[in-house]
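Q: how would this look folded up:
(chains A and B)
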Amino acid sequence: MTERRDDVRRRSIFGTSLAVVVAMGLSACGGGGDDGGASKTVRVTLANHVWTENIKQALPEFEKQTGLKVEITQLGEDQLSDQYNVKLNAGSSDIDVMMYRPLQEGRLFAKNTYLADLSAQVKSNTWDFSDFQAGPVEATTYEGKPVGVPIITEQEVLYYRKDLLAKAGLSAPPKTLDELKAAAAKVKAAEPDVAGFVARTGKSAAVTQFSSFLYSFGGDFADSSGKAAVNSDAAKQAYAYYGGLIKDSGPANVSTDMGWPEAMAIFTQGKAAFYTEANSLYKNATDPAKSKVSDQVGVAPFPAGPTGSKPYNIPSWALGINSSSENTSNAWKFIEWATSKEQTLAQQKSGVPGARSSVWSNPEGTSSFPKDLVEAIAASTKAGVGHDRPLVVKVAEAREIVGQPIVDAITGKDAAAAADTANAAFQKFLDDEAK
Amino acid sequence: MKPRPAYRVFRVVALTFVVLSLLAPLLWMIAASFKTNVDIYDPGKALSFSPTMGNYAKVLQQANYVEFIVNSLWVAFAATVASLILGLPAAYSMSRFNMKKSALVVLMARVIPGVSLLVPWYYVFSNLKMVGGFGVLIISHMFVSLPLVVYIMMGYFDSLPEELEEAGLVDGLTHIGAFRRVILPLSVPGIATSGILSFIFSWNNFMFALVLSDADTKTLPVAIFDFVGYASIDWGGLMAASTVVTLPIMLIALFVQKYVVSGLTAGATKG
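A: Just a heads-up that it's a prediction; the model follows:
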């Protein structure tokens, strides 16, 4: 008996030491991390964006000024989101500065306390927090506290084809939604191969670009008391208008699964005359390497509905500090530099619309944008609404619900009935979330 | 007896259909990797276009793909070899000593969805300061490839006659010696099969690498997403990168397949 037990013990000791050796060997080939504690290296996670490319180029200047080292991890937007959800959920301090989408995940992150409260930091005098536009700042504020700094803003505009308008005998882009409908029908009649209008059609993808239609008809996703409002008269009209426009003047056999890459492709291949989309995508339309009609693209302010032109004006991206970061003061130094007036101006000159008013009022700040785009943006920031999707925690789920009537309207079903169904579902969703 | 002409026509048509539908996406990808972004979206230029090498230049020079290829190769190779070293003896003993319950436990690892492990893994490995290194990628890939190896090899060992080892034991070999000198050489086709499957899994794995790698250890599937930006997608670059990712694995598969076939025909227990 004793012999046997010894044997077992010996074997298990051997097994344990083998496991330890293996683990040590493997961790030895792991990237060592920084030895100097959390002090000199700022770890920044950024999305694939022109903004990020610009920051990377300007980075040596910041590193020289401060003596800090910046480590950038760069990912696509969905991968970025996945990574935050895993790492921040585990309370990781591997991330100091994080680039995030305030409207898509800001509430979730703030609710889960992933985002540090920046109330003290934003008071910095020279940096001037009051210079940031009110709408975007509202979207990066949670329960009265700033948790992020908006870096890139976005408004919805009307892209159009100058040559097709001229051919159809139209002298100027439409100013109202009624005019848009008539103009789209006219182009389609004049050029049977070309769609009068194209826009996103996917249930979830279309919600953000549909929102400006909704606001311009006088509706919103929820009313002022926080109740679901997607079956209001205004909302029903907006659903019927958006779906009807694509059904009647849109591309033949239109798919109901289009996001911006698909809709933009139809436009840039010269197969559509009008296209409502975010202004941040304008380079896809005006760059000859990506667009066949680059020299014929015009941009106009979002057409007015019964209650005027009310496009969204939102921060698509913001910078925040991970609340578990052990390096918050250096993290803030990076944010302060990256969102400074100089950097925002430099960004805007390369085509990234920023959130600082002073840069927009500076002629240098708008010099690189097409003239009509600057005018469209100016109009949008004036009357713009600060959100382009329901303001909830589980945004993806809410988009699926309020987006269903869009698809139903495009496929010719009863938009009003679909809106009623969606409203009941959305109210239930809001009730669940409030619990 | 010769097959009837109708059957032969049917066979040709059916084969063409299957081959075309399987190859079409692959061919589209390769064609698109030689196109500019404007041409990719143009159905009129599906077949006739003026090819450009710009996408490949971008992938191999600017985007640093050589480094990601080396990363992927190293992780896939190490995870496969480690899985074979641990998995082959395990499969052998499970097969010979009828360890059904242990086999079931190993299978459980394959049943659990990998995504549910990401948060605990990340937590554990970041406390061990291993996140971002190759070690953690290799271990996480072994989590999937080890059960794969064990299961394929268990079936394979079951099919080998026990008499072969008994002959070895009679001639003075130990169990381990018999395993090493008799069983392993006979199992080369099985080892090749499980090895290549484990390699392909590791090469293609995106989820584990996304969370557990960092800028220096990024593998190819994660790196591909660098071509997808917030307001711009570089389809040409994306397709060229995908081709670069696909080609090595296709070459390896073709090479190993030949080996597998030759291993099968060189069996020991003929007649």
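Q: residues from chain B in reach of chain A?
A: B:36-38, B:41-42, B:118-120, B:122-123, B:126, B:128-136, B:138-139, B:210-211, B:214-217, B:222, B:225-226, B:228-233 (Cβ under 8 Å from any Cβ of the partner chain). The way it works is simple: take the backbone N, C-alpha and C, and place the C-beta from them, glycine included.
Q: Quick check: mean pLDDT of the host helix or strand of A:Ala240?
A: For A:Ala240, the host element (DSSP states H and E) is helix A:233-249. Averaging pLDDT along helix A:233-249 gives 95.
Q: Show me what it is packed up against.
A: Packing contacts for helix A:233-249, counted by 3 or more Cβ pairs under 8 Å, 6 or more residues apart in numbering or on different chains; DSSP states H and E, involve helix A:177-190, strand A:195-198, helix A:206-216, helix A:395-410, helix A:415-434.
Q: can you redo these as a markdown table with mean neighbour count, distance to A:Asn322 and mean pLDDT?
A: As requested, the helices and strands packed on helix A:233-249 are exported to a markdown table (neighbours: other Cβ atoms under 10 Å in any protein chain shown; distance: least, Cβ to Cβ, whole Å; pLDDT from 0 to 100):
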| stretch | mean neighbour count | distance to A:Asn322 | mean pLDDT |
| --- | --- | --- | --- |
| helix A:177-190 | 19 | 43 | 92 |
| strand A:195-198 | 26 | 40 | 94 |
| helix A:206-216 | 26 | 26 | 95 |
| helix A:395-410 | 23 | 20 | 95 |
| helix A:415-434 | 17 | 24 | 94 |
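Q: Among these, which comes closest to A:Tyr100?
A: A:Tyr100 sits nearest to helix A:395-410 of all those, at 12.2 Å, using Cβ to Cβ.
Q: Looks to me like B:Ala109 is in a helix.
A: Yes: according to DSSP: H, G, I helix; E, B strand; the rest coil, B:Ala109 belongs to a helix.
Q: what's the spacing between it and chain A?
A: 17 Å (Cβ to the nearest Cβ, to the nearest Å).
Q: tell me the contacts of residue 46?
A: All of this refers to chain A. A:Thr52, A:Ile55, A:Ile72, A:Thr73, A:Gln74, A:Leu75, A:Met99 (Cβ atoms under 8 Å, 6 or more residues apart in numbering or on different chains).
Q: was after chain B, sorry
A: Here B:Ala46 is in contact with B:Ala31 (criterion: Cβ under 8 Å, 6+ apart).
Q: quick check, nearest of the contacts of A:Leu46 to chain B?
A: Nearest to chain B among the contacts of A:Leu46 is A:Thr73, at 5.7 Å by Cβ to the nearest Cβ.
Q: what about stretch A:419-435, distance to the chain center?
A: Offset of stretch A:419-435 from its chain centre (Cα atoms, centre = their mean, to the nearest Å): 24 Å.
Q: what's next to that stretch, contact-wise?
A: Contacts for stretch A:419-435 (Cβ under 8 Å, 6+ apart): A:221-222, A:226-231, A:235-236, A:239, A:390, A:392-394, A:397-398, A:401-402, A:404-405.
Q: Go again with 6 Å.
A: By Cβ atoms under 6 Å, 6 or more residues apart in numbering or on different chains, the surrounding residues in contact with stretch A:419-435 are A:Ala228, A:Val230, A:Asn231, A:Ala235, A:Lys236, A:Tyr239, A:Val392, A:Val393, A:Ile401, A:Val402, A:Gln404, A:Pro405.
Q: What is the subsequent helix or strand relative to the host helix or strand of B:Phe10?
A: Following DSSP H and E, one finds B:Phe10 within helix B:5-32. As assigned by DSSP H and E, the chain's next helix or strand after helix B:5-32 is helix B:37-40.
Q: Show residues contacting the helix or strand following that following helix.
A: Per DSSP H and E, the first helix or strand lying C-terminal to helix B:37-40 is helix B:54-57. Here helix B:54-57 makes contact (Cβ under 6 Å, 6+ apart) with B:Ser33, B:Gly236, B:Gly237, B:Ala240.
Q: does A:Gly259 really touch A:Ser204, like I thought?
A: No: the criterion here is Cβ atoms under 6 Å, and A:Gly259 misses it with A:Ser204 at 8.4 Å.
Q: Those two: which has the busier surroundings?
A: A:Ser204 (22 against 14; other Cβ atoms under 10 Å in any protein chain shown).
Q: circling back: quick one: closest of the helices and strands packed on helix A:233-249 to B:Asn98.
A: Per Cβ to Cβ, nearest to B:Asn98 of those: helix A:395-410, 48.4 Å.
Q: any idea how far A:Trp337 is from the closest residue to chain A within the stretch 1-150 of chain B?
A: At 2.3 Å from chain A, B:Gly133 is the closest residue in the stretch 1-150 of chain B, using Cβ to the nearest Cβ. Computed as Cβ to Cβ, to the nearest Å, the B:Gly133 to A:Trp337 distance reads 30 Å.
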